[in-house]
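S.K.: sharing a sequence plus its predicted fold:
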Amino acid sequence: MRVRFAPSPTGYLHIGGLRTALYNYLLARRHGGAFVLRIEDTDQTRFVEDAEQDILDSLAWAGISYDEGPQVGGAFGPYQQSARSDRYKEVADELIALGKAYVAFDTSEEIDGLKTRLTSPENPNPRYDFTTRSQMTNSITLSSDETASRLARGDEYVVRLLVEPGKDVSFQDAVRGQVSFESNAVDDQVLIKSDGLPTYHLANIVDDHDMQITHVIRGEEWLSSTPKHILLYDALGWTAPQMAHLPLILSPTGGKLSKRNADKEGIPVSVLQYRQKGYEPDALINFLALLGWNPGTGQELMTLEEMVSVFSLDRVGQAGVQFDLQKLAWFNEQYLRSRSPGSIAESVYPLAAERHPGVSLEYLSSAILLMLERLSFASDIVEATYLFQDPDVYEEKSVAKRWKANSGQLLTLYSDKLKSTSAWTTESMEALLKGMVEHEGIGIGELMFPLRMALTGLPSGPDLYAMMVLLGKETVQRRLVKATTTLS
Ligand code: GLU
């Protein structure tokens, strides 16, 4: 088995692309096959400078390794289509020689003219095909001398596939079963553009053939290209790989998850955005694996190895799957909480040090331990500002409601008791507080609320006693004094 992920560097890798890469990876690993990364960079007009690097970085971040491709090399390289142009030209010439493709000289104005001339209510979308090619300027309508002389004098031309009408183009899709198209619905595809470079269709099938790809696994949006590919394989007498088209990823409000509606719903689209937001790569991968596939056991949390051991294309569904950001957040929390506070601290330290200068790794790690159950993302820790700085403001609404005339005195009394205690543990804080509550004959909230407000500026937060241990005696005392003077 040889599979490939074949992104075009026309933008940053998006989550749909990462899912495609993942399914290819899982299938290859499951069967001991090879996973190839091929960069499809033949479209100069849509080329984005750092997109290829982003694809490599994103795959590395997600833990998806490939056996052949840019940087790692392999026996079927080069793995960038821009370095393989001669081969596409050779195949295009072969198709022309076989009578399966032809040369066309029409300018874009002439093609527009065709469209304007023929568009009618019955024919809303006229195309360059068996019904129109005879009205155009190409090697079918011109004499061979005329064609040769035009080529010799350097006229611009494209190479088009000669699609014969009335044919049934069928293939077996591993996800969708038998798929059939009529060749009448397929236009005479451009194979080589006027800049001499191949189109996606030609380059894609030539490389899949030459790289001995056995399974093509890609998104459903490519399904309509497949008949063109099948026609090309047939024309060349090559065997097409097994096809598998993955279900569409849908937006929560319906329709395909496009960049536009994802933005509207606050769903990040590029893998880079997930990296920047601090998602756990394993969580994103686990979530994406289940976006179109399921192991059949109801198990949700799975390591990459577990997925590899049970992955199969027959458990990939046909129906579009809705992207659920809440579900992803759940996965993220599970993965985050399974990590040690020390390792989370290490990954978030640069950000924490920037936001809270002077913070030590050790302190950060203890703060993470305190907050672990409250974190959805590792970076949430830096938002708990009160763990790093004395509060400047005290939430007005709850102060108005719950800060009483005696709150300041109670805090001062508690503070005095803390001063004289030598033990600085959660147990001693709790014992002191409970002892005082009993002695003063007050409700526990009467002391706990002002204490929490003084320490954090907020009415709720992590375990109070553990937080006091983390903050340390000096900080706690200082904050009690500050709140008492500010609020009383
Ligand atoms: N270059 C295409 C893309 O950007 C590849 C589609 C395919 O896998 O054939 O996704």
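M.R.: Done, it's in. Numbering: from 1, shown residues only.
S.K.: and the helix or strand hosting residue 401, how far from the chain's centre?
M.R.: Secondary structure from DSSP states H and E places residue 401 in helix 396-402. Taking Cα atoms, centre = their mean, to the nearest Å, one finds the center of helix 396-402 at 43 Å from the center of the full chain.
S.K.: and that helix, average pLDDT?
M.R.: Averaging the model's pLDDT scores along helix 396-402 yields 96.
S.K.: buried ones in the helix-or-strand element of the chain with minimal mean pLDDT?
M.R.: When each helix and strand of the chain is scored by mean pLDDT, DSSP states H and E, helix 259-264 comes last, with a mean of 87. Of the residues in helix 259-264, 261-262 count as buried by neighbour count, 16 or more other Cβ atoms under 10 Å. Just so you know, the C-beta spots here come from the backbone N, C-alpha and C atoms, and that holds for glycine as well.
S.K.: could you export that helix as PDB, CA atoms only?
M.R.: These are the backbone C-alpha positions of helix 259-264, laid out as PDB (Å, rounded to 0.1, in the frame of the first residue of the first chain):
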ATOM      1  CA  LYS A 259     -13.500  29.900   5.600                       C
ATOM      2  CA  ARG A 260     -16.300  32.500   5.600                       C
ATOM      3  CA  ASN A 261     -18.800  30.700   7.700                       C
ATOM      4  CA  ALA A 262     -16.100  29.300  10.000                       C
ATOM      5  CA  ASP A 263     -14.900  32.800  10.700                       C
ATOM      6  CA  LYS A 264     -18.500  33.900  11.400                       C
END
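S.K.: tell me which other helices or strands that helix touches.
M.R.: Secondary-structure packing of helix 259-264 (3 or more Cβ pairs under 8 Å, 6 or more residues apart in numbering; DSSP states H and E): no helix or strand packs against it.
S.K.: so is the helix or strand where residue 55 lies next to the ligand?
M.R.: When secondary structure is defined using DSSP H and E, the element that contains residue 55 is helix 51-62. No. Helix 51-62 lies apart from the ligand when judged by Cβ under 6 Å from any ligand atom; the minimum separation is 10.1 Å.
S.K.: would you map the strands across the stretch 101-250 of the chain?
M.R.: In the stretch 101-250 of the chain, strands defined by DSSP state E, counting those that start in this stretch lie at 101-104, 158-161, 168-173, 177-182, 190-192, 215-219, 242-246, 249-250, listed in chain order.
S.K.: need these in TSV (columns: mean neighbour count and mean pLDDT).
M.R.: Rendered in TSV, the data for those read as follows (neighbours: other Cβ atoms under 10 Å; pLDDT from 0 to 100):
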stretch	mean neighbour count	mean pLDDT
strand 101-104	23	98
strand 158-161	25	98
strand 168-173	15	97
strand 177-182	12	97
strand 190-192	23	97
strand 215-219	22	98
strand 242-246	21	98
strand 249-250	20	96
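S.K.: what residues does the stretch 51-200 of the chain have near the ligand?
M.R.: Near the ligand, the residues belonging to the stretch 51-200 of the chain are residue 200 when assessed by Cβ under 6 Å from any ligand atom.
S.K.: which single residue of the stretch 51-200 of the chain ends up nearest the ligand?
M.R.: When you check the stretch 51-200 of the chain against the ligand by Cβ to the nearest ligand atom, the closest residue turns out to be residue 200, at 5.9 Å.
S.K.: burial measure for that residue, as a count.
M.R.: Taking other Cβ atoms under 10 Å as the criterion, the count of residues near residue 200 is 18.
S.K.: and the nearest residue to it once chain neighbours are set aside, what does it touch?
M.R.: Take residue 200 and drop its neighbours on the chain: the residue closest to it by Cβ to Cβ, 6 or more residues apart in numbering is residue 40, 6.6 Å away. Shown in contact with residue 40 (Cβ atoms under 8 Å, 6 or more residues apart in numbering): 6-9, 81, 200, 203-204.
S.K.: which residue ranges of the stretch 1-150 of the chain form helices?
M.R.: Assignment of helices within the stretch 1-150 of the chain using DSSP state H, counting those that start in this stretch yields the ranges 15-30, 51-62, 85-97, 108-118, 144-152.
S.K.: nope, the stretch 201-350 of the chain is what I was after
M.R.: Along the stretch 201-350 of the chain, the segments classed as helices by DSSP H, counting those that start in this stretch run 226-236, 259-264, 271-277, 281-289, 304-310, 325-337, 341-355.
S.K.: list the buried residues in the fifth one.
M.R.: Just to be clear, that refers to helix 304-310. Buried, per 16+ other Cβ under 10 Å, within helix 304-310: 304, 307-308, 310.
S.K.: which of those come close to the ligand?
M.R.: Restricting those to those near the ligand - Cβ under 6 Å from any ligand atom - leaves none.
S.K.: turn these into CSV, including pLDDT.
M.R.: What follows is the buried residues of helix 304-310, written out as CSV (pLDDT from 0 to 100):
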residue, pLDDT
304, 96
307, 98
308, 98
310, 97
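S.K.: quick one: which of those residues is nearest to residue 287?
M.R.: The shortest approach to residue 287 among the buried residues of helix 304-310 belongs to residue 307, at 11.7 Å (Cβ to Cβ).
S.K.: that closest one: what's it in contact with?
M.R.: Under the contact definition (Cβ under 8 Å, 6+ apart), the residues listed for residue 307 are 26, 286, 289, 295.
S.K.: please apply the same query to residue 355.
M.R.: With contacts defined as Cβ under 8 Å, 6+ apart, the neighbours of residue 355 are 382, 388.
S.K.: also residue 25?
M.R.: By Cβ under 8 Å, 6+ apart, residue 25 lies in contact with 5, 35, 64-66.
S.K.: over to residue 26?
M.R.: Contacts of residue 26 were listed using Cβ under 8 Å, 6+ apart, and they are 289, 307-308, 311.
S.K.: picking that back up, let's see if you can find the most crowded of the contacts of residue 307.
M.R.: Using other Cβ under 10 Å as the neighbour criterion, residue 26 leads the contacts of residue 307 with 25 neighbours.
S.K.: how near is the residue lying closest to it once chain neighbours are set aside to residue 375?
M.R.: Nearest residue to residue 26, sequence neighbours excluded (Cβ to Cβ, 6+ apart): residue 311, at 3.9 Å. Using Cβ to Cβ, to the nearest Å, residue 311 is found at 30 Å from residue 375.
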